[in-house]
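Engineer: A structural model of the following input is requested.
(chains A and B)
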Amino acid sequence: MFDLVIRNARVVDGTGAPAFLGEVAVKAGRIAAVGPKVAGPARAELDAGGKAVAPGFIDPHTHFDVQLLWDGAARPCLEHGVTSIIPGNCSLSMAPLRAGDRKAVIGMFQQIEELPPEAFTIAFDWTWEDWEGYRRALEKGLAINVAPLVGHSVIRLWVMGPDANQRAARPDEIAAMQDVLRQCLAAGAIGLSTSFVDVDETARPVPSRFAQFAELDGLCAVLGEFGRMLQIVPEFYDADITIARIDQLAELSLKHGIPTTFSPVFDNRQTPQSVDRILDRAEEQFARGARVWPQMQTRPIDISFSLLRPSLFFARLPSWVRVLRLPVEERIAALKDPETRARLLRDAGEDGGERIMGRLVARAGEAPTDLAGKTLKEIADARGQGCALALIEVSLEHGLDVAFLAANGGHDNSDRIGPLLARPHVHVGAGDGGAHLASFSTYGDTGYLFSEFVRGTGALSLEQAVAKITGETADIWGLKDRGRLAPGQAADIVVFDPDRIGRGEERPVFDMPGEGMRYTRDSVGVEAVLVNGELAWTPAGYTQAKAGRICEMA
Amino acid sequence: MTLTVQRRFVTPEPDETLEALAARALPDLPLEAAMDRIRGWNLHIFAMRKPRGLLLGGDVVFVEPPRS
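Structural biologist: Numbers count the residues shown, from 1 in each chain, chains lettered A, B, ... in the order given. Below you'll find the model as predicted:
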C-alpha cells in the first residue's frame, strides 16, 4: 500500500520531458510510481486538480547556515516550493570553527549577509567546532533538505588563525587545510566555496582572498578525491576578470575532475556584451571538457534600505558604512555632527549624491505618506537640498525609519535575460536566500522564473523551467536521488498552479532573532510542498513535519 | 577545441611586491614604466581596493590592456 497517491496531476518530472496528466505515488519517503495511472491502494490521496506536480525545487546559492539552527524550514524558502538548499556559499560556513574564531566569522556574516548580531547570540546553542558537530546541530530540526558547502575562509581560520587574512599559506598549512577539508567532506559537506570579492566588517578582504592559486589547487585536489563542487564568487563587476576566473576554474575542473560554479552573473544595460562574453567563455570551456557552471539569478537587482541599519546599498561608500555600523544613538549623533556630515556628503559625490541616490524611491508603507512614492531627487528639490543631505535630514526627522528602494539596479531586461537563462550551460540560481536580509527579499526567485520567463516572455517552457531548478541542478551538484519524479527518488514534491505561480510583494517583517528585520515575499500559486514524502507546507501554513535531511551525494 | 584568445594575466607570488611582479611580467620594460602599466591595467587593485594596491594571493593581475 502506498502512503500517498497524488491524482489528477499535470506531471512535470524534472527531466524536461513533456508534461502529462497522471499520478504520482509515494511510499516510505520515496517516489514509488509515476504514470498515467498508478495501480494500488493508498493511505491518503491528494487531488491536484490538474495542477503541476513537479520535483521540489533546489536552490543552489543560499546563506541559511545560521537561520537553519532555529528555523529548520528556512522560511519562507520552503513555501515557495524549494525542498533542498545549498548553504555555505561565498567562503563562509559555520564550521569548522574554533570558539575563539567565532567573533571573526560573525563579523563576516554580518557584513556579507546582513544578519543581525542577535542571530548569533540568542537563537541557538553554539556547541560545536568541527563539521560533524555542526551537522548534528543542523539535523535536529530540519524541515527542508540541506546540502551544505564548507567555506574556504573558515578553513583558513581553522588552520592559520589570525594570519588567515594576512598572508599566503605555507606548504604545511596547505596540507593541514587539505586534511580539514577532507574531514568535512567525509562528514557531509558537499563541496568548497571561496570568494574573490568579499570583505569583512572592517572592509578587509576575507581570508580566502589571501590564498595563492596553489592553495586553491591543493584544496581542489581533495575535492577531486570526492568528485565534489568548487563554488566561487568572482569579480562579477568586470567581464575580463570573470573570464580569467572561468579559465582558472576550467584548469581546476580538468585537472581534478571536479564540477565548478561561479555566481553571480548579471546582465547589465551599460555593458550588454559582458554577459555574452562570459557565457561564451564558459561554453568554450565546456567544449574542452571542463565543467564551469555560470549561475544566474532570475530577479532584477532591487535594493531597499533605511538609515536604521547597515545596507548593501552603501557598499561603495565606506564612510556611510562606518556611520551606519554605529549604535543607533551614536549614529544619529554622527549624522548630526557637522564634520561627519561633511565627510558623508563629500563621499556621496560632487553632484550632492544625485547620481548615486537621486532615483531612490521612498517605499510606500515604510515612509511618511507625503513622501511615499516620490524619488529622493523630487524630495531633495522640494527641500532645496542635495540628495545626500535630504536623505540624512529626512531620515533624522523620522527617527531614521524611512525606507527607500533602489529599483532595477540591473539584470532587469527580461527580453534579454530569458534567453540567457535558457542557455544549456546556464545554471539558474545565485538567489542568495538567507542573505542581504535588510536589502532585498531573495525569496520567490523560483516563482518569478515561471511568472516572468514562462508565462511572460515565453523564453522557457514549463518543462524547461522545472528542469532547470530540479533535475539539472541535482545533476550539476551530484545530489543523490533528488530533482526528478521517478521511482526510487526522494519524494520531494511541489504542487503548483502554472497559471498563477509567482512571488508576492516584497514586505518588511521583524521575525529574526531580537525582532530583527528582513524583507520577505509570500509564495503565490504554490499549493503543497512535500519533503521526503511528508507534507511540509500548504497555503494553510507549515505542518509539524521535520522530514528534511542532509543530502547524500551521488 | 581552440580557446579564443583572452586578456593575459598572472597571479602574485607569495609576498610579491608590485615592483617584483612588474619586473616578472613585463621584463622588457623599464621598471617604472612596467609598474605604471600594471597599475593602469588593474584598477580593481590599484584604484578600487582599500587600501589601494594591496596585492592579494588570489588576485588576477592583467599584463596587457583590454582587448576591446
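
Engineer: Does chain A have contacts with stretch B:56-68?
Structural biologist: Yes. Residues of stretch B:56-68 contacting chain A under CB under 8 Å from any CB of the partner chain: B:L56, B:G57, B:G58, B:D59, B:V60, B:F62, B:P66. (Each C-beta comes from the backbone N, C-alpha and C, glycine too.)

Engineer: Please identify which pair of those residues lies farthest apart.
Structural biologist: Maximum pairwise distance among the residues of stretch B:56-68 next to chain A (CB to CB): 23.9 Å, between B:G57 and B:P66.

Engineer: Can you flag the buried ones in the residues of stretch B:56-68 next to chain A?
Structural biologist: B:L56, B:G57, B:G58, B:D59, B:V60, B:F62 (16 or more other CB atoms under 10 Å in any protein chain shown).

Engineer: quick one: is the longest helix along chain B near chain A?
Structural biologist: Secondary structure of chain B per DSSP state H: the longest helix is helix B:31-41. No. For helix B:31-41, no contact with chain A is found by CB under 8 Å from any CB; the gap never falls below 9.5 Å.

Engineer: Tell me the buried residues in that helix?
Structural biologist: Buried residues in helix B:31-41 (16+ other CB under 10 Å): B:A34, B:M35, B:R37, B:I38, B:R39, B:W41.

Engineer: my guess is the fourth one meets B:A22, correct?
Structural biologist: Yes. Contact status for B:I38 versus B:A22: in contact at 4.9 Å, counting by CB atoms under 8 Å.

Engineer: quick one: what helix or strand has the closest residue to A:W126 other than its chain neighbours in it?
Structural biologist: Spatially, and ignoring its direct neighbours in sequence, A:W126 is nearest to A:R102 (6.9 Å; CB to CB, 6 or more residues apart in numbering or on different chains). Per DSSP states H and E: A:R102 is located in helix A:102-113.

Engineer: Ok, A:A32 next?
Structural biologist: strand A:30-35.

Engineer: With adjacent residues omitted, what lies nearest to A:A147?
Structural biologist: A:C551 (3.8 Å).

Engineer: In chain B, what residue spans correspond to helices?
Structural biologist: For chain B, applying DSSP H gives helices covering B:18-25, B:31-41, B:43-46.

Engineer: which of the residues in the shortest one are buried?
Structural biologist: I take that to be helix B:43-46. Judged by neighbour count (16+ other CB under 10 Å), helix B:43-46 contains these buried residues: B:H44, B:I45, B:F46.

Engineer: Pick the one among these closest to chain A.
Structural biologist: Nearest to chain A among the buried residues of helix B:43-46: B:H44, at 6.0 Å, using CB to the nearest CB.

Engineer: re earlier: I figured the residue nearest to A:A147 hits A:I190, correct?
Structural biologist: Yes. Here A:C551 reaches A:I190: they are 6.8 Å apart, a contact under CB under 8 Å.

Engineer: okay, and the common contacts of those two?
Structural biologist: Taking CB atoms under 8 Å, 6 or more residues apart in numbering or on different chains as the contact rule, A:C551 and A:I190 both touch A:A147, A:L479.

Engineer: So A:E393 sits against A:G386, correct?
Structural biologist: No. When contacts are counted by CB under 8 Å, A:E393 is not listed as touching A:G386 (10.4 Å).

Engineer: more crowded one of the two?
Structural biologist: Set side by side, A:E393 and A:G386 show more neighbours around A:G386, with 23 against 17, by other CB atoms under 10 Å in any protein chain shown.

Engineer: next one: phi and psi at A:I392?
Structural biologist: phi -70, psi -50 (degrees, to the nearest 10).

Engineer: If you could redo that for A:E251, that was the one I meant.
Structural biologist: A:E251 adopts backbone torsions of phi -60, psi -50, taken as degrees, to the nearest 10.

Engineer: So which residues on chain A come close to chain B?
Structural biologist: Residues of chain A lying close to chain B (CB under 8 Å from any CB) are A:167-168, A:194, A:196, A:203, A:205, A:208-213, A:215-216, A:235, A:238, A:240-241, A:243-245, A:247, A:280-281, A:284-285, A:287-288, A:318.

Engineer: what ranges of the stretch 1-150 of chain A fall below the confidence cut-off?
Structural biologist: Judged by pLDDT under 70, the stretch 1-150 of chain A has no weakly predicted residues.

Engineer: Now do the strands in it.
Structural biologist: Secondary structure of the stretch 1-150 of chain A (DSSP state E, counting those that start in this stretch): strands located at A:2-11, A:20-27, A:30-35, A:42-47, A:52-55, A:57-59, A:82-85, A:145-146, A:150-151.

Engineer: what lines up beside the first one in the sheet?
Structural biologist: Take DSSP bridges as the rule and strand A:2-11 pairs in its sheet with strand A:20-27 (antiparallel), strand A:42-47 (parallel), strand A:52-55 (parallel).

Engineer: wait, which of these is closest to A:G257?
Structural biologist: strand A:52-55 (26.9 Å).

Engineer: Return the set of buried residues in the closest one.
Structural biologist: Neighbour count says strand A:52-55 has A:A52, A:V53, A:A54, A:P55 buried, by 16+ other CB under 10 Å.
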